[in-house]
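Q: Dropping a prediction and its sequence here:
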Amino acid sequence: MNKFITAFFLGWASLLSAQNPLVTHMYTADPTARCFDGKLYVYPSSDAVPIKELIKANNGFCMPGYHGFSFEGGSSWKDHGWILKENDVPWGEKDTYAMWAPDCIKKDGKYYYYFPAKAKNDNAFRRIGVGVSDNPMGPFKWEKSFIEGIQGIDPGLFVDDDNQAYLYYGGGQKLYGVKLSDDMKSIDGEPVEIQSLPFGYKEGSFLFKKDGVYYFTFAHVFPDEGYTIGYATSNNPLGPFEYKGKIMDNIDNGTNHHSVVKYNDKWILFYHFWHISGCNKLRSMCADYMEFKPDGTIKKVVPTLRGIGNPAKGDTIQVDRYNEISNASISFVSGDEPMGWMVCEARTGSTVRFNGVDFGNGEAKKMQARVSCGNMGCTMEVRIGHQWGKVVAKYEIKNTGGWGKWVTLESDILEQVKGKQDIFIRFFSTNGSTKTANLNWLLME
């Protein structure tokens with residue numbers, strides 16, 4: 001544990017801006033992403049600091065309920081607050097802190113939110129419940145009982161082209177799929193075990209369709225590697241499936257749980273990692289673009305800091321989520337800044353490249369920089385196109401009172417810039433000092 005865990009309790013803003021992880025004001029895991037009517041939403045679980053009495057019961061996890069998020073453009077995410085708290089489940093046990101991965105799907109103009117919970121006076125490990133709303137972020141009207149005939153975790157939903165809905169679930173050695181009735185609150189027929197998957201622990205069922213092929217994706221634990229994300233394909237939503245391999249390797253011996261969505265003609269893999277907290281029970285949702293090979297197989301996704309989205313006017317550009325860095329480092333931000341990272345140890349000639357900043361129609365006139373400096377000062381430039389491209393912003397940085405003392409500087413945008421551009425931040429010492437300055441973020445106005 002460290003001070004970043006404590007920061008969980010410090011509250012959060014309603015509008016957030018980040019690259020990977022997508023949000024840093026709270027811990028989020030198991031992200032299910034959905035595109036409804038052209039807008040991108042994410043439905044994750046949430047992690048809290050483990051309660052000592054429950055560590056053994058929940059494998060160290062403490063998960064009190066669900067928030068919902070929407071993508072607001074650029075690189076900003078809006079937190080819509082609580083969708084469901086554990087103790088508000090009509091049929092659930094109280095104070096178990098075991099609200100694992102949820103999902104939400106749209107059918108016939110309604111939004112159906114599914115979640116696992118421990119039921120009162122029931123021997124099943126988890127049951128699956130559902131609520132319905134006219135709005136993707138709720139409020140949802142929760143069913144008074146769980147869905148009969150199934151038990152397990154990690155509900156994943158899919159509505160096919162013929163409007164037939166399916167529910168996927170399970171955990172352990174077996175995963176299942178089943179048709180849902182038209183009311184979306186009961187099953188239609190018997191569950192079918194998803195066959196031909198590799199041996200080992202599996203969870204996180206999520207199915208999507210591309211070019212007439214059904215892709216069944218799942219979290220899978222290899223004994224010598226840990227949690228990975230795998231997939232299998234079929235010409236039928238309930239199989240039989242053929243295992244194709246991994247979408248993502250294990251990340252630093254933590255869990256992983258994912259979803260796949262097509263948004264603005266790009267396929268995106270959502271997943272989680274625990275690099276903010278330093279504790280693999282306190283995770284944060286991330287996203288990276290996913291590509292397909294000509295034969296329909298999936299190129300393995302390598303996690304990045306840069307993530308998705310194109311910061312625009314009014315968005316915070318988290319420069320430490322770089323595409324490329326030279327002669328500098330990143331670390332957790334120092335001083336009393338909000339949770340996150342900074343570019344540090346920058347010397348004369350150090351460069352940070354950040355791709356895909358959206359300058360729009362050139363209406364931005366100013367660019368702010370959040371910096372700290374503990375020496376005699378330096379110069380920092382923002383260039384476009386390449387490291388020796390046009391200078392679009394320039395800052396003369398003086399001693400701010402220490403490396404943990406932060407100030408916000410402002411520069412005019414010196415050249416009108418339009419469209420999406422790669423930017424290069426370059427540092428130059430002006431007084432012969434070894435280090436130049438620390439940089440937290442940039443912001444166009």
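A: Thanks, I have the structure now.
Q: average pLDDT for stretch 104-113?
A: Mean pLDDT, stretch 104-113: 98.
Q: Could you give me the buried positions within that stretch?
A: By neighbour count on 16 or more other C-beta atoms under 10 Å, the buried set for stretch 104-113 is C104, I105, K106, K107, Y111, Y112, Y113. From N, CA and C alone the C-beta is placed, and that goes for glycine too.
Q: Can I get the residues you listed in a markdown table including secondary structure?
A: Output for these, formatted as a markdown table (DSSP: H, G, I helix; E, B strand; the rest coil):
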| residue | secondary structure |
| --- | --- |
| C104 | strand |
| I105 | strand |
| K106 | strand |
| K107 | strand |
| Y111 | strand |
| Y112 | strand |
| Y113 | strand |
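Q: Compile those residues into CSV and extend it with columns for distance to Y97.
A: Putting those into CSV (distance: C-beta to C-beta, whole Å) gives the following:
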residue, distance to Y97
C104, 22
I105, 26
K106, 29
K107, 31
Y111, 26
Y112, 24
Y113, 19
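Q: Taking those residues together, which two end up most distant?
A: Distances among the buried residues of stretch 104-113 were taken as C-beta to C-beta; the most separated pair is K107 and Y113, at 11.9 Å.
Q: quick one: the closest residue to V192 other than its chain neighbours from Y231, how far?
A: If the residues on either side of it in the chain are set aside, V192 comes closest to L238, at 4.8 Å by C-beta to C-beta, 6 or more residues apart in numbering. Counting by C-beta to C-beta, to the nearest Å, the gap from L238 to Y231 is 16 Å.
Q: and these two? which has more neighbours close in?
A: Between L238 and Y231, Y231 has the larger neighbour count (other C-beta atoms under 10 Å), namely 24 against 21.
Q: Spit out the contact partners of the residue nearest to that one when sequence neighbours are not counted.
A: Using C-beta to C-beta, 6+ apart and skipping the chain neighbours, the partner closest in space to Y231 is T217 (4.4 Å). Contacts for T217 were tallied using C-beta atoms under 8 Å, 6 or more residues apart in numbering; they are G204, S205, F206, L207, F208, I229, G230, Y231, I247, H258, V260.
Q: Wasn't T217 part of a helix?
A: No - going by three-state DSSP, the assignment for T217 is strand, not a helix.
Q: remind me which residues of this structure are low pLDDT?
A: Scanning the chain for pLDDT under 70 picks out the ranges 1-18, 54-55.
Q: what domains does the record give for it?
A: According to automatic domain parsing, the chain comprises the domains 3-290, 316-444.
Q: any idea how far D288 lies from K94?
A: As judged by C-beta to C-beta, D288 and K94 stand 38 Å apart.
Q: More neighbours: the two, which one.
A: More crowded of D288 and K94, by other C-beta under 10 Å: D288, with 18 against 10.
Q: Quick check: that one vs G356, distance?
A: 13 Å.
Q: does the residue nearest to V192 count as helix, strand or coil?
A: Taking three-state DSSP, the label given to L238 is coil.
Q: Name all residues that make contact with it.
A: By C-beta under 8 Å, 6+ apart, the residues touching L238 are Y166, G177, K179, V192, I194.
Q: tell me which of those residues is nearest to L443?
A: Among the contacts of L238, Y166 lies closest to L443 (C-beta to C-beta), at 43.9 Å.
Q: ok, how many other residues are close to the closest one?
A: Y166 is flanked by 21 other residues according to other C-beta under 10 Å.
Q: nearest residue to it other than its sequence neighbours?
A: In space, Y166 is closest to F158, 4.7 Å off (C-beta to C-beta, 6+ apart).
Q: Show me what the helix or strand harbouring the one you found is packed against.
A: Assigned by DSSP states H and E, F158 belongs to strand 156-159. On a contact count with 3 or more C-beta pairs under 8 Å, 6 or more residues apart in numbering; DSSP states H and E, strand 156-159 meets strand 103-107, strand 165-170, strand 202-210.
Q: Any chance of TSV for those strands, columns distance to Q151?
A: Converted to TSV, the helices and strands packed on strand 156-159 look like this (distance: least, C-beta to C-beta, whole Å):
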stretch	distance to Q151
strand 103-107	16
strand 165-170	8
strand 202-210	14
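Q: Single out the most deeply packed of these.
A: Neighbour counts (mean count of other C-beta atoms under 10 Å) averaged over each of these peak at strand 165-170, with a mean of 24.
Q: Now tell me what touches that one from outside.
A: 105, 107, 114, 116, 128, 147, 150, 152-160, 175-180, 184, 187, 194, 202-203, 205-207, 216, 237-238.
Q: at 6 Å what do you get?
A: 107, 152, 155-156, 158-159, 176-180, 205, 207, 237 (C-beta atoms under 6 Å, 6 or more residues apart in numbering).
Q: ok, now stretch 363-378?
A: Stretch 363-378 is contacted by residues 313, 393, 395, 397-400, 402-403, 405-406, 408-411, 413, 429-431, 433, 435-445 when judged by C-beta under 6 Å, 6+ apart.
Q: Alpha carbons only: can I get it in PDB?
A: Extracted in PDB, the C-alpha atoms of stretch 363-378 (Å, rounded to 0.1, in the frame of the first residue of the first chain):
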ATOM      1  CA  GLU A 363      -9.400  28.400 -32.800                       C
ATOM      2  CA  ALA A 364      -7.100  27.700 -29.800                       C
ATOM      3  CA  LYS A 365      -5.100  30.800 -28.900                       C
ATOM      4  CA  LYS A 366      -3.300  29.700 -25.700                       C
ATOM      5  CA  MET A 367      -1.500  26.700 -24.300                       C
ATOM      6  CA  GLN A 368      -1.000  26.200 -20.600                       C
ATOM      7  CA  ALA A 369       1.800  24.000 -19.000                       C
ATOM      8  CA  ARG A 370       1.900  22.700 -15.500                       C
ATOM      9  CA  VAL A 371       5.500  22.700 -14.400                       C
ATOM     10  CA  SER A 372       7.900  22.600 -11.500                       C
ATOM     11  CA  CYS A 373      11.500  23.500 -11.300                       C
ATOM     12  CA  GLY A 374      14.100  23.300  -8.500                       C
ATOM     13  CA  ASN A 375      17.100  24.800 -10.300                       C
ATOM     14  CA  MET A 376      18.000  28.100 -12.000                       C
ATOM     15  CA  GLY A 377      15.500  27.700 -14.900                       C
ATOM     16  CA  CYS A 378      15.100  26.400 -18.400                       C
END
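Q: Buried residues, that stretch. List them.
A: Buried residues in stretch 363-378, counted by 16+ other C-beta under 10 Å: A364, M367, Q368, A369, R370, V371, S372, C373, G374, N375, G377, C378.
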